Every structure is written in structure tokens, then in C-alpha cells.
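Visitor: Turn this into a structure:
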Amino acid sequence: MSTENEGNEGTGAESASSVPSAPPVPADAPQAHPQDTPPAASHPDATETRQQPVHPAPEQQPAAPAPAPEQTAAFPTSPQYAPPAPPQSAAEAGWPPPPPAVPAYAHGAHGGGGGGPVWGPPGGTHTPEAPRKRGAGGLVAAVVVAALVAGGIGGALGFWAADRNDDSGSTTVSASANPQDLKRDPGTVAGVAAKALPSVVTIEAQGGDGEGGTGTGFVYDKEGHILTNNHVVASAADSGQLTATFSNGKKYDAEVVGRAQGYDVAVIKLKNPPQSLTPLPLGNSDQVAVGDSTIAIGAPFGLSNTVTTGIISAKNRPVASGDASGGSNSYMSALQTDASINPGNSGGPLLSSGGAVIGINSAIQSTGSSGQSQAGSIGLGFAIPINQAKTVAQQLIKTGQPVYPVIGATVTMDEKSGGAVISDRGTGGTDAVTKDGPAAKAGLRAGDVITKFNDTPIDSGPTLIGEIWTHKPGDRVTLTYERDGKSATAEVTLGQRKGDS
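Guide: Residues are numbered from 1 along each chain as shown. Prediction:
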């Protein structure tokens, strides 16, 4: 699977070697489509009529009392549920009365009758139609109208009685002001975020050529080392400026300690670190299970200190990613999450529900295509497992360069080959299988198709590289391969390569 790195970096990243057949490129952000503006809603007042009692004259026999002038009280009602004004007489409107106007949210975006509710401003006033054939439908409509009108009268009488008899003021209930009631438990998202945010930084990288971008990192140790992605700091690695801003707004200059392009991991260090640094606790990414809760912290599109949540959607997801220029390619056996990850989240921590770092957010899958706009989250984010990132970070802090485990063979980068095919020739015309290397000692040859790495199926060259790089030099692994239509296995002791080539 090819994806794109999702840092807010510019286009000044360095070029890289061979890439998958469909090199990852940034995608267009979803285009907004203008919607028709719904008509302004008309809010008719619901009215009720009460008759004043008329007392007969004492000196003569009471006659039929003449109706007193009508007294009308208007009570505002919710615009969605306001019934139409009742007809003046049965002769004018017929019986039963027309059904009430349909609430505005029951119509489609353009006044259609279907498609589900539309949560927006209510539409214009609906004019009731003339009564149709009387029957069961008319009876139901009449009952509905009667219920609404009765509800209005009951509400009016209740309000009148309360207004006359209740002089005690407001009847609202205030929430408790006890600080204990506002405390967030450590296991909640709010509790985890409150504890982790002071250890997360927003990184601004500015290259000597003016190119750069924004990413994220987190405190790795008390000496001031910050762990992040290579593609976040690559533009300022040789000449440029790096700054790290904490959640409290304090900004510090930083410098690159080391970076690993293939792993997409980098370590920077604050030049004058504060004494109160608190490293984030590192978890065990091997123990993560599909369905576990995740919390991502970063600066999507420059919005620092943003917290999003999700779950682990998959493990050991083979991912080949690159920057906007098609370079800086990296390969990983990633943790997949549906937590919202966007450009600027790169290098930020992916946390477990307990607040431990289980991965470094690095790439996203997008449905867009190449263009000037950056793609956004569609719920397919990928993080470098922290167990691998920790090993790389220790290498970078100690020596300034990464160490890669290798099998000593060059494989094709075709993602649809049904396996990792050992090439006929290596880079620069060299042998595809290094003489006296691990693959050669195990009997592998050019043209062999590696289909399994230990118990993990291999469908392409990038998948094989991602699996190899989850191990360390010296690890002994089992390769299953096909040659001339026959399957065989080989035991291989991984070699090593220092630095990016």
C-alpha cells in the first residue's frame, strides 16, 4: 500500500531512490460544493381564545348572553413544531381541519419529500392544502391537530397559573461547583490528554531555500531529545532553522541529532532545554490488539495541541510512503488507526488508552490525487510501531545514523508481483544477490520469489522490506520462496547496513 506522509511540509524535500510502481503523492483536499441557501423561515404565533364570563342583570330574567370581545394571548412556540393557524369556521375550511404543516427538517435540501432529515434552518411556511376525501386519514389528521391545540391551551393555562402563584424567582438548577466533580479520571481521554499535552511539541522547520512546514514531536528523554518523523525536519536538516513550541506557548530552538529516511524517524534536540521536561512513557506496540482505543495528538494544518481519538484498525499493515515530491521513501509494518490524522500530525504520538506511546503518526491514505491542496483524513492513518522507533532513536542518539537489517538481495518494487521478486541486477549494475551475503549463504538466487517472511505473507518488495526492518541485525528468520514453480524455505541470518544510501 502506498500512502503519503502527512506533515505540513513544503516541496523542498530531497529526492530518493527507486519507489513503488505507484509512487505516493499528496492528494487534493475535498472540494467544497456550494449548497442552495434554504429560504428564511416564517414563525407564525400560535394563538388561543378564551371567553370572558358575562353576569346577567339582577332586575330581569337572564337572556342569552352576548359573547364578550375575544381576548387573545400569543405564546411563541418552536418554529419546527408550530401548527398552522386554525380556520375561522367550519364553513370556510371544512371539517376535518387540514393537517399541520410538516416540520422543516423533514424535507430534503431543496424541499423534496425524501432523503432523510436535513439539519439546518427551517424552510419557508407551508400553506395547508384544501381538505381531501374524508376517511381514516382525515380522522388521524384531526386528532393530531386537536392534540397540538390542546397542548397549546394547557401550556397557556399552566403559564398563567405559575405567573400568578410563583413569586420565588427562577426554578433552574445549578450544577455543583465542587472541584471534585470536575476532576477527570486518569483513564478518560481528557485525563490522558491533560497529562500528555505538556510533553508534545509543534515543530516548525524552515529550510535555507525558504521551504518548510509544520509537524509534531514529543519529549523522548529529560536531556531534551524530541522524537519525530524524518520528513518533518528534512528540509532544515542541512541548513535551516528548527523550533519546538510546547503547549504552554514556550518556544525553543532545536537542531537535528540524526535521521533515518528509510524508517521515517528523526531525533532533534532542544538547544536550551528546560529543567522540567517530562518524557512520555513508551508502551509495547507488540502487545497492541485490534480494537484497542487510541489517542492522537498533533498540529493538523497548523492547529497545535489537537486531540483526536479512534481505535487500532489493523496491525502489521505494509505501508510504503513518500513526500509530495515522490522522494524520501520509507517502509513500515504499520499500526493502522481511524483516529483523525491530517497534515501536521506527522511525528506526533499515538497513545494507548492508558497514555503510553504505542506509535508515531506518520502517513495517511487519501482518495485524492496530485495537486496543490493537501489531502485530509478519511479514517486511514498509519503509525510507526514504537518498538521499532525506539530502537532507531537509540541508534541516532548514539551514532547519528541508522542501522538497517538486510538480507543481502535486491528486490523489485512492483506492488502487484504476488511476492518479493529478487531482481536480475542490483543498483548500479551490481549483483542482485550480494556475494557471501545472507541471501547468498542461504542459497537464494536472482528470479526467486519470496512469498513468506517467517509466518507473514509477502505480496511485494515493499512489504518484505517493511517486515525486515521490524527486526535487528543478527536476527535469524525463515524465508519461503518459489523457484521454477516449486516452493522451498531458507534460514537467513540478517546482516546490516549503516546509514541511508
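Visitor: what about the strands in the stretch 401-501 of the chain?
Guide: With strands called from DSSP state E, counting those that start in this stretch, the stretch 401-501 of the chain shows them at 403-406, 420-421, 449-453, 456-457, 476-483, 486-493, 495-498.
Visitor: Next, the angle strand 486-493 makes with the third one.
Guide: It stands for strand 449-453. 60 degrees (axes from the mean of the first three to the mean of the last three CA atoms, to 10 degrees).
Visitor: Which of the residues in the lengthiest strand in the chain are classified as buried?
Guide: If you go by DSSP state E, the chain has its longest strand at strand 306-322. Using 16 or more other CB atoms under 10 Å as the test for burial, strand 306-322 gives 306-310, 312-313, 315, 317-322. All C-beta spots, glycine's among them, are computed from the backbone N, C-alpha and C.
Visitor: Repeat that for stretch 475-488.
Guide: By 16+ other CB under 10 Å, the buried positions in stretch 475-488 come out as 477, 479-482.
Visitor: What of stretch 279-297?
Guide: 279-280, 282-283, 285, 288, 292-297.
Visitor: Output it as PDB, nothing but the C-alphas.
Guide: What follows is stretch 279-297, C-alpha atoms only, in PDB (Å, rounded to 0.1, in the frame of the first residue of the first chain):
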ATOM      1  CA  PRO A 279       9.200  12.300  28.700                       C
ATOM      2  CA  LEU A 280       6.100  10.500  27.500                       C
ATOM      3  CA  PRO A 281       6.000   6.800  28.700                       C
ATOM      4  CA  LEU A 282       6.700   4.300  25.900                       C
ATOM      5  CA  GLY A 283       4.400   1.300  25.600                       C
ATOM      6  CA  ASN A 284       4.900  -2.000  23.900                       C
ATOM      7  CA  SER A 285       3.500  -1.900  20.400                       C
ATOM      8  CA  ASP A 286       3.800  -5.700  20.000                       C
ATOM      9  CA  GLN A 287       1.100  -6.100  22.700                       C
ATOM     10  CA  VAL A 288      -1.400  -3.800  20.900                       C
ATOM     11  CA  ALA A 289      -4.600  -5.500  19.800                       C
ATOM     12  CA  VAL A 290      -7.100  -4.600  17.000                       C
ATOM     13  CA  GLY A 291      -9.900  -2.700  18.600                       C
ATOM     14  CA  ASP A 292      -7.800  -1.000  21.300                       C
ATOM     15  CA  SER A 293      -8.600   2.600  21.900                       C
ATOM     16  CA  THR A 294      -6.100   5.200  20.500                       C
ATOM     17  CA  ILE A 295      -5.500   8.900  21.100                       C
ATOM     18  CA  ALA A 296      -3.600  11.000  18.600                       C
ATOM     19  CA  ILE A 297      -2.100  14.400  19.500                       C
END
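Visitor: What average pLDDT does it get?
Guide: What stretch 279-297 shows for mean pLDDT is 97.
Visitor: What segments of this structure are helices?
Guide: 90-93, 136-165, 189-196, 230-233, 386-399, 438-441, 461-468 (DSSP state H).
Visitor: need the strands for the stretch 151-300 of the chain, in chain order.
Guide: Ranges of strands within the stretch 151-300 of the chain are 200-207, 212-219, 225-228, 240-246, 251-260, 265-270, 293-298, based on DSSP E, counting those that start in this stretch.
Visitor: Would you tell me which one of these is buried the most?
Guide: strand 225-228 (a mean of 28; mean count of other CB atoms under 10 Å).
Visitor: Please report how far T480 lies from G376.
Guide: Using CB to CB, to the nearest Å, we find T480 at a distance of 39 Å from G376.
Visitor: same question, R476
Guide: According to CB to CB, R476 and G376 sit 43 Å apart.
Visitor: go on, L350?
Guide: Counting by CB to CB - L350 and G376 are separated by 18 Å.
Visitor: quick one, which of those two is more surrounded?
Guide: Using other CB atoms under 10 Å, the more surrounded residue of L350 and G376 is L350, with 31 against 20.
Visitor: correct me, but that one touches G359?
Guide: Yes: assessed by CB atoms under 8 Å, L350 is found in contact with G359 at 3.9 Å.
Visitor: joint contacts of these two?
Guide: Residues touching both L350 and G359 (CB atoms under 8 Å, 6 or more residues apart in numbering) are 335, 337, 383.
Visitor: Can you check the pLDDT for the last one?
Guide: The confidence metric pLDDT takes the value 97 at A383.
Visitor: rewinding a little: can you tell me which of the strands of the stretch 151-300 of the chain comes nearest to G419?
Guide: Smallest distance to G419 across the strands of the stretch 151-300 of the chain (CB to CB): 26.3 Å, for strand 251-260.
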